[in-house]
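1. Take a look and give me a structure for this.
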Amino acid sequence: MKVVIIGGVAGGATAAARIRRLDEQAEIVVFERSGYISYANCGLPYYIGDTITDPGALTLQTPESFFSRFRVSVKVRHEVTAIHPDSKTVSVKNLETGESFEESYDKLVLSPGAKPTQPRLPGVGLDRVFTLRTVEDTFRIKHYINGHRPRSAVLAGGGFIGLELAENLRELGMEVTIVQRPKQLMNPFDPDMAAFIHGEMRRHGVKLALGRTVEGFAGRDGGVDVLLGDGAAVHADMVALAIGVTPDTALAREAGLELGLKGGIVVNDRMETSVPDIYAVGDAVQVKHAVTGQDALISLAGPANRQGRIAADNICGGDSRYLGSQGSSVIKVFDMTAAVTGVNEANAKKAGLDVDKVILSPMSHAGYYPGGKLMTMKVVFEKETYRLLGAQIVGYEGVDKRIDVLAAAVHAGLRATELKDLDLAYAPPYSSAKDPVNMAGFMADNIEQGVLRQWFLEDLDSLPRGGSATLLDVRTAGEYEGGHLDGFLNIPVDELRGRLNEVERGKPVYVICQSGLRSYIACRILAGFGYEAYNFAGGFRFYDAVTHERRLIESASPCGMDQ
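-> Numbering: from 1, shown residues only. Purely as a prediction, here's the structure:
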C-alpha cells in the first residue's frame, strides 16, 4: 500500500507516524510546501517575544529524523498542485528546482491546514503588514523586529494569535493596539467573561479598539496607517493580521471534493471525504460540534492530531471514529489564564438550546494556604435536562486543571448536577475540599431542587422597582460604601436575622453580595422566614468588571481606543 500525505505539521505528521506503527510495509510519502515537516504552531508568538530563544526548538521533527525513526519519505519545499482522483495521482512541484512530476497513491490524506484570512483591502501587501501562521512567517517578523526595532504595532484581530502576539510584543517593549470588529476579544468566550480578559490586557498597556472595522492600510512616515471605517487612522511601525483563518482547500475544490462551511472539506466520522480513498484531517475539515451536533470549523492542534490518528487507523483496515470537536482551549494572557470548553451561552442560544448558567468566584486553592487567587467560572447547561453544555474560566492558578475536568464531563455527557459527585484530588496547595468544579455542581443541584433561584446582570434594568420588590445588598457597610447598585438597601448578612423588619413581607427580594456566596446564605435565611428571594449570579465583583468594560467600549475615543 502506498499512502501520499499532503501537508505535515499536526494532522499529516501524526497520520504518517501512525500508519507506520500499524503497517511496517506501507510506502508513505509526505509533501510539505513549507520548509518544515512538523513544527510547534502554538509556540511561534513566544519565539517572537524571546520567551523561546532557540529557533530549533520550534521544529518537532526534521525530514531526516522522521525518516530515521519511521522510514517515511518527507519532501519539504514540495507543493502538490493538483489531485487526479480518476488516475489516483497527484501533480507535484519542487519549489527549489522548479521540477514538476506525478506521484501515484493508493490512499491519499489531505492535511493542508488553514491560511490566515487576508481580506481584500488596500495596502494589505505592504512590507510592514505581516501574517503569522508558519515558521517562515515567524522568522520574517522576527527579522523585521531585529532589523528595524519598531516601537509600535497594530494587530488586526483579537483571537488566540492576536492575544499571544500582543503579549509578546509588549514584552519587547512595543506599544500595541488591537483592532477588532466584534466588541470583544476571544469570541469563544461570552462578552461578560471576555471583560476579565480585556481588563488584563489593559493592565499591561495594550490598547483596545473594539467594534471597529479595518478598511485598509497606507504607508506613511516609514510606518503604516491602519484605516478605520468609523474613526481616525491608527499609525504604527508594523501591522500583523490575525483576523482568523480560512481552510486552505483550493486543491480539494479543484479535485471535486465536497466542501462545506467556508470551503471546509466535508468528511464523515472516519475522516473520509466524498471521493473514495481520499481522507482529510486538521484545520481544513468541517466537523460536527460535539455539543450541538452542528457543522463547525475548529482550528486546534488537539483535534487535528486525533483526526490524523483516526484516518491512519482506517487506512490500515481499522474502524476508528471521530466523535466531534468541543473546542476545548486555554490561553495565557500575561499573568492570567483563560480557558473554555463546549459552547458558550450565546452560541448555545443560537443553536436553539434553552440554557441556564451558574457563575462563581472560587479560590484556586484552600483559602488558609498562602497564595490562593480568585478565578471566575461560568458553567452553562440545558435548563430542563441539566445536560452540561460548556464552561469558561478566567483566573490564575488552577484554571487549566478545572477546564480539563469540565471538558471531560462535557464529553461524558454528564449533567451539571453530577459535577457535585466528582471525586477530585485535594491538598491545600492545590485545591479545596469542595473543589470549584464540585461547587458548580452544588449550585446546579440547588437550582434543580428549588433551593437556589437566580437573577442575572441582563435582568438588572427590568427588576421590579418603585416598592414592588426589595433590592438588598448584604455586603459589609464598608464594601457597600466602596460602590453599590442604585436602589439597593444595605443589610450585612450577619445582621439580616435581626433586621428582617426592614425587609417588607409579601414582595420578592433581589439579593447581591461581592461574589454570590453571602447573598446565597441571605436568600436561604429569607426563604426560611417565608420570603421569595433571588440571588445575583456572580456578585458585585462580576457586575463591576463587566459594566466597567462596557462603559470603556461605549465611551472609546473617535479613533476607537480606550483612554
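
2. CA atoms for contacts and neighbours, from now on please.
-> Will do.

3. chain center to stretch 71-89: distance?
-> On the basis of Cα atoms, centre = their mean, to the nearest Å, stretch 71-89 sits 33 Å off its chain's mean C-alpha point.

4. I should have written stretch 292-307 there, sorry.
-> With Cα atoms, centre = their mean, you get 12 Å for stretch 292-307.

5. Output the lowest mean pLDDT helix or strand found in this structure.
-> Each helix and strand of the chain was given a mean pLDDT (mean pLDDT, DSSP states H and E); the minimum falls on strand 38-39 at a mean of 70.

6. Point out where this protein drops to low pLDDT.
-> 39-40, 557-563 (pLDDT under 70).

7. Look through it and report the residue furthest from the middle.
-> No residue in the chain sits farther from the centre than residue 501, which is 48.6 Å out by Cα atoms, centre = their mean.

8. Please enumerate the helices of the stretch 401-550 of the chain.
-> Under the criterion DSSP state H, counting those that start in this stretch, helices of the stretch 401-550 of the chain are mapped to 436-448, 477-481, 517-528, 539-554.

9. In JSON lines, list those helices along with distance to residue 102 and mean neighbour count.
-> JSON lines is the format used below for the helices of the stretch 401-550 of the chain (distance: least, Cα to Cα, whole Å; neighbours: other Cα atoms under 10 Å):
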{"stretch": "helix 436-448", "distance to residue 102": "55", "mean neighbour count": "21"}
{"stretch": "helix 477-481", "distance to residue 102": "74", "mean neighbour count": "13"}
{"stretch": "helix 517-528", "distance to residue 102": "68", "mean neighbour count": "20"}
{"stretch": "helix 539-554", "distance to residue 102": "55", "mean neighbour count": "18"}
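
10. Let me have the ones you listed in CSV, extended by distance to residue 41.
-> Formatted as CSV, the helices of the stretch 401-550 of the chain follow (distance: least, Cα to Cα, whole Å):
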stretch, distance to residue 41
helix 436-448, 31
helix 477-481, 46
helix 517-528, 41
helix 539-554, 31
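
11. so which of these gets nearest residue 471?
-> Counting by Cα to Cα, residue 471 lies closest to helix 517-528 out of the helices of the stretch 401-550 of the chain; the figure is 11.6 Å.

12. those strands in the stretch 101-250 of the chain, which residues are they?
-> Secondary structure of the stretch 101-250 of the chain (DSSP state E, counting those that start in this stretch): strands located at 107-110, 114-116, 129-131, 152-156, 175-180, 207-210, 214-220, 223-228, 234-236, 238-241, 245-247.

13. chain center to the second one, what's the gap?
-> This means strand 114-116. With Cα atoms, centre = their mean as the basis, strand 114-116 stands 17 Å off its chain's centre.

14. Check the last one too.
-> When distances are taken as Cα atoms, centre = their mean, strand 245-247 is centred 16 Å away from the chain's centroid.

15. mind listing what it pairs with, with the direction of each?
-> Strand pairing for strand 245-247, using DSSP bridges, gives strand 114-116 (antiparallel).

16. Can you list the neighbours in contact with the strand it pairs with?
-> 131-133, 241-248, 283-284, 299 (Cα atoms under 8 Å, 6 or more residues apart in numbering).

17. do that again at 10 Å, thanks
-> With contact meaning Cα atoms under 10 Å, 6 or more residues apart in numbering, strand 114-116 is reached by 131-134, 241-249, 264, 282-285, 299.

18. Among those residues, name the ones in helices.
-> Here DSSP state H is the test, and those give no hits in helices at all.

19. need the contact list for residue 34.
-> By Cα under 10 Å, 6+ apart, the contact set of residue 34 is 7-8, 75-79, 95, 134-136.

20. Now do the SS call for it.
-> The three-state label given to residue 34 by DSSP: H, G, I helix; E, B strand; the rest coil is coil.

21. Kindly provide the distance from it to residue 89.
-> 21 Å (Cα to Cα, to the nearest Å).

22. For stretch 114-125, measure first residue to last.
-> End to end - Cα to Cα - stretch 114-125 spans 19 Å.

23. Next, the buried residues of that stretch.
-> Of the residues in stretch 114-125, 114-116, 123-124 count as buried by neighbour count, 16 or more other Cα atoms under 10 Å.

24. now these in a markdown table, with distance to residue 22?
-> What follows is these, written out as a markdown table (distance: Cα to Cα, whole Å):
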| residue | distance to residue 22 |
| --- | --- |
| 114 | 28 |
| 115 | 31 |
| 116 | 34 |
| 123 | 49 |
| 124 | 46 |
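
25. Taking those together, which two end up most distant?
-> With distances taken as Cα to Cα, the most widely separated pair in those is 114 and 123, at 22.4 Å.

26. so how far is stretch 204-213 off the chain centroid?
-> Distance of stretch 204-213 from the chain centroid (Cα atoms, centre = their mean) equals 18 Å.

27. Now tabulate the strands of the stretch 101-250 of the chain in JSON lines and tack on distance to residue 530.
-> Output for the strands of the stretch 101-250 of the chain, formatted as JSON lines (distance: least, Cα to Cα, whole Å):
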{"stretch": "strand 107-110", "distance to residue 530": "65"}
{"stretch": "strand 114-116", "distance to residue 530": "59"}
{"stretch": "strand 129-131", "distance to residue 530": "62"}
{"stretch": "strand 152-156", "distance to residue 530": "55"}
{"stretch": "strand 175-180", "distance to residue 530": "49"}
{"stretch": "strand 207-210", "distance to residue 530": "47"}
{"stretch": "strand 214-220", "distance to residue 530": "56"}
{"stretch": "strand 223-228", "distance to residue 530": "57"}
{"stretch": "strand 234-236", "distance to residue 530": "59"}
{"stretch": "strand 238-241", "distance to residue 530": "58"}
{"stretch": "strand 245-247", "distance to residue 530": "56"}
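
28. closest to residue 373 out of those strands?
-> Closest approach to residue 373 among the strands of the stretch 101-250 of the chain is made by strand 207-210 (25.6 Å; Cα to Cα).

29. Given that closest one, what are its sheet partners and their directions?
-> Strand pairing for strand 207-210, determined by DSSP bridges: strand 175-180 (parallel).

30. quick check: angle from the strand it pairs with to strand 223-228?
-> Counting by axes from the mean of the first three to the mean of the last three Cα atoms, to 10 degrees, strand 175-180 lies at 30 degrees to strand 223-228.

31. the inter-axis angle of strand 175-180 versus strand 214-220?
-> The directions of strand 175-180 and strand 214-220 differ by 150 degrees, with the same axes, to 10 degrees as the criterion.

32. Please write out the alpha-carbon positions of strand 175-180 in PDB.
-> Taking C-alpha atoms only, strand 175-180 is exported to PDB below (Å, rounded to 0.1, in the frame of the first residue of the first chain):
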ATOM      1  CA  GLU A 175       3.200  49.900  22.100                       C
ATOM      2  CA  VAL A 176       0.400  47.500  21.000                       C
ATOM      3  CA  THR A 177      -3.100  48.200  19.800                       C
ATOM      4  CA  ILE A 178      -5.600  45.500  18.900                       C
ATOM      5  CA  VAL A 179      -8.300  46.400  16.400                       C
ATOM      6  CA  GLN A 180     -11.300  44.100  16.400                       C
END
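
33. so how far is it off the chain centroid?
-> Per Cα atoms, centre = their mean, the centroid offset for strand 175-180 relative to its chain is 19 Å.

34. Likewise for stretch 533-540?
-> On Cα atoms, centre = their mean, the centre of stretch 533-540 falls 27 Å from that of its chain.

35. Run through the bridge partners of the residue nearest to residue 67 when sequence neighbours are not counted.
-> Spatial nearest neighbour of residue 67, chain neighbours left out: residue 73 (6.1 Å); criterion: Cα to Cα, 6 or more residues apart in numbering. For residue 73, the beta-bridge partners are residue 29 (DSSP bridges).

36. mind listing what residue 73 touches?
-> By Cα under 10 Å, 6+ apart, the contact set of residue 73 is 4, 16, 27-31, 63-64, 66-67.
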